[in-house]
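K.L.:
sequence and computational prediction follow.
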There are 4 protein chains.
Amino acid sequence: MIRAAVVGATGIVGQQFLVALKNHPWIEVRSLAASERSAGQSYRQAITDPSSGALRWFCDEPPVDEAMEMPVVNAADLDVGDLDVVFTAIESDPAKSLEPLYAADVPVISTASAFRYEDDVPILIPGVNASHARLLETQRKRRGWKGFITPIPNCTTCGLAITLKPLHQAFGIDSVIMTSLQAMSGAGRSPGVIGLDILDNVIPFIPGEEDKVEKETQKLLGQVSADSILPAAFKVSCTCTRVAVLEGHTEAVFASTQQPCDVDSAVKVMREFTGGDDIAGLPSAPQHMILVNDDPFRPQPRLDRDNDGGMATTVGRVRQESVLENGIKYVLVSHNTKMGAARGAVLVAEMLMRDGYIA
Amino acid sequence: MIRAAVVGATGIVGQQFLVALKNHPWIEVRSLAASERSAGQSYRQAITDPSSGALRWFCDEPPVDEAMEMPVVNAADLDVGDLDVVFTAIESDPAKSLEPLYAADVPVISTASAFRYEDDVPILIPGVNASHARLLETQRKRRGWKGFITPIPNCTTCGLAITLKPLHQAFGIDSVIMTSLQAMSGAGRSPGVIGLDILDNVIPFIPGEEDKVEKETQKLLGQVSADSILPAAFKVSCTCTRVAVLEGHTEAVFASTQQPCDVDSAVKVMREFTGGDDIAGLPSAPQHMILVNDDPFRPQPRLDRDNDGGMATTVGRVRQESVLENGIKYVLVSHNTKMGAARGAVLVAEMLMRDGYIA
Amino acid sequence: MIRAAVVGATGIVGQQFLVALKNHPWIEVRSLAASERSAGQSYRQAITDPSSGALRWFCDEPPVDEAMEMPVVNAADLDVGDLDVVFTAIESDPAKSLEPLYAADVPVISTASAFRYEDDVPILIPGVNASHARLLETQRKRRGWKGFITPIPNCTTCGLAITLKPLHQAFGIDSVIMTSLQAMSGAGRSPGVIGLDILDNVIPFIPGEEDKVEKETQKLLGQVSADSILPAAFKVSCTCTRVAVLEGHTEAVFASTQQPCDVDSAVKVMREFTGGDDIAGLPSAPQHMILVNDDPFRPQPRLDRDNDGGMATTVGRVRQESVLENGIKYVLVSHNTKMGAARGAVLVAEMLMRDGYIA
Amino acid sequence: MIRAAVVGATGIVGQQFLVALKNHPWIEVRSLAASERSAGQSYRQAITDPSSGALRWFCDEPPVDEAMEMPVVNAADLDVGDLDVVFTAIESDPAKSLEPLYAADVPVISTASAFRYEDDVPILIPGVNASHARLLETQRKRRGWKGFITPIPNCTTCGLAITLKPLHQAFGIDSVIMTSLQAMSGAGRSPGVIGLDILDNVIPFIPGEEDKVEKETQKLLGQVSADSILPAAFKVSCTCTRVAVLEGHTEAVFASTQQPCDVDSAVKVMREFTGGDDIAGLPSAPQHMILVNDDPFRPQPRLDRDNDGGMATTVGRVRQESVLENGIKYVLVSHNTKMGAARGAVLVAEMLMRDGYIA
């Protein structure tokens, strides 16, 4: 069994890691880390509200019993000596200092954006760009680390990159315009989205989000070389909005392809896109990378976010598009806190274990 | 005073006409019509739920006292002999037979889509395309009517056409991609959007809506000639979705212009777009056709839908756009049941009164 | 295997029956019935929207494949000759004529209120009042039926009666005041609760609901005799409201007991209330009739409605109460469309099978 | 003109004070105070988000221009020398130290709970208990202050006390059971209620709320003597919950009266309860203290919270009640941030000005 730590274990993404790793066949959680405030407490104490005695557990799944009596250590003091991998569920600022600390000795799978845009750091989605993992060797050597850092993409990038991949393979993507309708869970809980702001409303701006999606999509579908990734040449332009949805990002995509691509062909390559050998046999892999639903009223976030355990991206409303050359448009739903966060990071770990990067 | 009838007076749009016309300085409501079921009752009886005795009044504004004791006549039997204008708030199917019946004798301002796409029928937004009204003469002659039919656009078209107009004048629109996040009120109440379907959800399809927006935007910004309108040559491509918002459509627009157009110039022409002589002095005219808000978190439907009494379109997040040539992107909010429905239709009537089409 | 029909199979409760009976170890669905409109179609055709081709399936669980190619018959023509039980998921009005038709030959488990208040008709909740089933023999004889009709209670009664039962056994209930905050799913979809009415709102009236809860609670906790049920002598007074929740009724209960009852004792008897032999071994029985949560912020409908597969009632905030004599107050959450509807009816069938009433 | 300060001016309640006092005929805002963080800035700067440049203005009404360029001072350093009254919109903890500081020199009208339960401090609702104001003289003398502190009640108490008052006068209240369905705005914005917690949900606990409502209702309807208030002798028992509503608390009330009270009589005394001389002529007074709506589906928070500018309490569903002796039950809606907060406090100031306590 691979021995793992979860850093940022008391927050919502950290809790999702505990759920994703419960009874995992290959990985066992050996350490929990959080901020100094929680250090020295049991996990149960650390997530108990002192005034009411209530458990601050934020997942739909029940609290993970196995974690409850584990000690929580200060993330800055985490001893990675007997660990094989560290999962981080922390903000970008602390990630900048903590992740290199861990990576000096051990692989780090990160949900933070701190290192996503560095030359020698691949952003991985198993099934989409497994080949980019080879850059981890370069990263190790260049930085003199025994481990490495590999982040997963921003949750809004995830479904977009997955659905563009088979179109890019078959027809070549020329450009992408996308408007997102994002769930509140993507903003976390500190305080995240305030109820007074979102009920009967739309918030048309998510700071930093559009830049992330544009850069990450190009990098994810880019070409890996010995020491860096050449971003895909297509342009991406987004407007990212927040809506009153709990989980599941909806995205309205307008894409232009280099080769002509009709609706049937687009649907066909999406349906045939299985992720192949990249994800075959991985415990957290979805049965389908992409589910295409013919019902014109689908996908809907509440009905489709949990498809294949929240690991499939659901597509619908595939139509010809008149403005862009060889234009195709569709709507997708992707589970932002499953495939787009902790479970997606666990899937990366599984792929890296199988391929020998984590051992 | 101009004497008006409201047809479909018991429905939500009909009620909004009563509110928009309450204490109107130029127009008085003389007749109320509805389906056969309500005919012969007082308006109060017609909107009273027989089992509970409760008034089925759907506007935020209080019920219009002046209407309460008026008789409701069968729309098929409406006597237009002593009327100067008829406002219709009915579905497209009954509009197809009823509106020509009225138009034989009297001008009809319609919220239905039944005649929007006919050659001799202008779709009017005062301030945007007042000149198209001249087509009404052609329509009268061609059809042998004393009156005419002039529909307002679909509520989703309205804010889009208003914001494109100054860009089109100054830079020439080349193409438009738009994703809408539409309010529930656009679907009415029979049953409209069911609470079980929309809470914690997005519905990614509104039957017929995208076609309407694409065709109507081209027609609204087209060139009028003696006997028809040459649609604007630019292409429009939409994805229309429904979100859990009561009122106010939000639209994420990506536009390409023929002449280069930077952000400052786009904002400038939008701010300077007053509607000019078209709307000057009309009682229902907004103070601003377009309000541009610099706050990056605006516009929001709950905060901006009621700007200028629901008659202004609010724009924000104006940014350069990389995918389209000379690309500009922005977000707008438009009140779908005020400027986009009854109050917008009343504004059309006011313009046509001033210009001598209604007397 | 017991052979069952589901009547009203195309509606939301009918679909929940199909889900509740999928892979059932004791019961197999042999016939589907609905209104004349659906008769003669396959189930798939009957729930397919003809204009869009979309499947009108309303449960969170996936559509039940086994049902898709089954024929749908007209409920008025259902041949019960080769059936052992009929589940009805229809409105009260058609139930009045259809249920006796079936009951002449075969047991009927009903979610409708049509027969709930008749002297020889028990309202059954396994674990609460199994002994009332003996009245079914009286009903058979009196009405000359081979079968019988036994309804489940109104969904709002269900959680109230379950939580009052152990208090009544241990301390004697003297009176009950209850305010409900009910989910939208309780109103169904035709049209049920309109989104425009419930967003950012509370609807303080549900026609008929308060009377049902008051009468049914007394009957459920009453004493059965040879030919009728003597309602429990305590009084019940309710205010029933609708809130913007998808599933799960929340109820704030204030109860007065005959014997003094402190908080610890109330919690203890609720926790020890297992339903006993009544439900032991029944496939759909919850693991706990009542779960008491010490977290003062629980129960919450979204977090607690699915406890024990939607079959447990969750209680919290148990406190002493000063207004009523021996007053105790608490909050409960009960899943109105699982324990409170189809799955609750299947549990009744299981109990009646075990006890020989259905064979 | 009376010269006023608003302390806590940058928060949501502080902003509501600025709206309530805009163009006030008797009061002008001369000073704005907030925490040390905002001190030294203009009000505009203090409510501008530094990263986005957006105005953090939280009211539906537009930002108050008159305040924008006023300086914000540190609440601890507020110079009350040239002021006639101080309105405080701060949390209970800072209120404990700041309010006595101001009250040494000048009257303080407070929205905080810090002093509500002290013997010589009246909680005032004009129209309900104006006579309690005489205690302010006692307070002044006993504490050696030139000013005084008078808090308004908790927002949930407000509508309850107003509706009980005419029943208490006419029939004598014997006991009250109440379940509230409270709006999110009552929890403020720091962070208040998180969207992830409340969408598709109910939160059944609001810390401290039930105790406040129980104690304050008794005090408000109590008898004032020379040096204290004898609380009303009736008992009050509450369950307070939070629902997904923006503004407007809904309360389901069950009351027992000493003298028999039928529905017609209860409605009559509520309708006749005008607040009388207490509120006659005050600029912020509602036209009706209580509006009784016969529509069984009313009151609803979205439709009724703004009645009489948010200053009227709306009642509906008045029914006989069987559990309590002489029982009557009803539902009320009260605007928690208008009558229940800033505008209610301004109404108190107006009454105290008219009666000579503020000059």
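P.N.:
Cool, got the structure.

K.L.:
from here on, contacts and neighbour counts on C-alpha atoms
P.N.:
Fine.

K.L.:
what's the span of stretch A:57-66, first residue to last?
P.N.:
Across stretch A:57-66, the terminal residues are separated by 14 Å (CA to CA, to the nearest Å).

K.L.:
neighbours of the residue in the stretch 51-200 of chain A that chain D sits nearest to, how many?
P.N.:
Proximity to chain D, evaluated over the stretch 51-200 of chain A using CA to the nearest CA, is greatest for A:Gly195 at 3.8 Å. Using other CA atoms under 10 Å in any protein chain shown, A:Gly195 is surrounded by 25 other residues.

K.L.:
for it, give me the pLDDT.
P.N.:
On pLDDT, A:Gly195 comes in at 97.

K.L.:
and chain A, what are its domains?
P.N.:
A:2-152+A:342-354, A:155-334 (automatic domain parsing).

K.L.:
any chance of those domains in TSV, with distance to chain B too?
P.N.:
What follows is the domains of chain A, written out as TSV (distance: least, CA to the nearest CA, whole Å):
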stretch	distance to chain B
domain A:2-152+A:342-354	15
domain A:155-334	4
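
K.L.:
and the stretch 101-250 of chain A, which of its residues are near chain C?
P.N.:
Neighbours of chain C within the stretch 101-250 of chain A, by CA under 8 Å from any CA of the partner chain: A:Leu199, A:Asp200.

K.L.:
how about the helices in the stretch 101-250 of chain A?
P.N.:
Per DSSP state H, counting those that start in this stretch, the stretch 101-250 of chain A carries helices over the ranges A:135-143, A:155-171, A:195-198, A:209-220.

K.L.:
for the closest residue to A:Ser284 other than its chain neighbours, helix, strand, or coil?
P.N.:
If the residues on either side of it in the chain are set aside, A:Ser284 comes closest to A:Leu347, at 5.5 Å by CA to CA, 6 or more residues apart in numbering or on different chains. Classification of A:Leu347 by DSSP: H, G, I helix; E, B strand; the rest coil places it in helix.

K.L.:
let's have the helices of the stretch 101-250 of chain A in CSV, adding distance to A:Val72.
P.N.:
Below are these laid out as CSV (distance: least, CA to CA, whole Å):
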stretch, distance to A:Val72
helix A:135-143, 29
helix A:155-171, 27
helix A:195-198, 31
helix A:209-220, 31
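
K.L.:
figure out which of the ones you listed is closest to D:Ala39.
P.N.:
Ranking the helices of the stretch 101-250 of chain A by their distance to D:Ala39 (criterion: CA to CA) puts helix A:195-198 first, at 26.4 Å.

K.L.:
wait, A:Ala341 touches A:Cys155, no?
P.N.:
Yes: using CA atoms under 8 Å, A:Ala341 is in contact with A:Cys155, at 6.5 Å.

K.L.:
and the residue nearest to A:Ser284, what does it touch?
P.N.:
A:Pro126, A:Leu282, A:Pro283, A:Ser284, A:Ala285 (CA atoms under 8 Å, 6 or more residues apart in numbering or on different chains).

K.L.:
most neighbours among the residues you listed, which one?
P.N.:
Ranking these using other CA under 10 Å puts A:Pro126 first, with 29 neighbours.

K.L.:
what residues are up against it?
P.N.:
Neighbours of A:Pro126 in contact, by CA under 8 Å, 6+ apart: A:Gly275, A:Asp278, A:Ile279, A:Leu347, A:Val348, A:Met351.

K.L.:
what's the local residue count around the first one?
P.N.:
What it means is A:Gly275. 23.

K.L.:
what pLDDT does it get?
P.N.:
89.

K.L.:
and for the fifth one?
P.N.:
Model confidence at A:Val348, given as pLDDT, is 98.

K.L.:
what's the neighbour count on it?
P.N.:
28.

K.L.:
isn't it up against A:Ile123?
P.N.:
No: contact criterion CA under 8 Å: A:Val348 and A:Ile123 do not qualify, at 9.8 Å.
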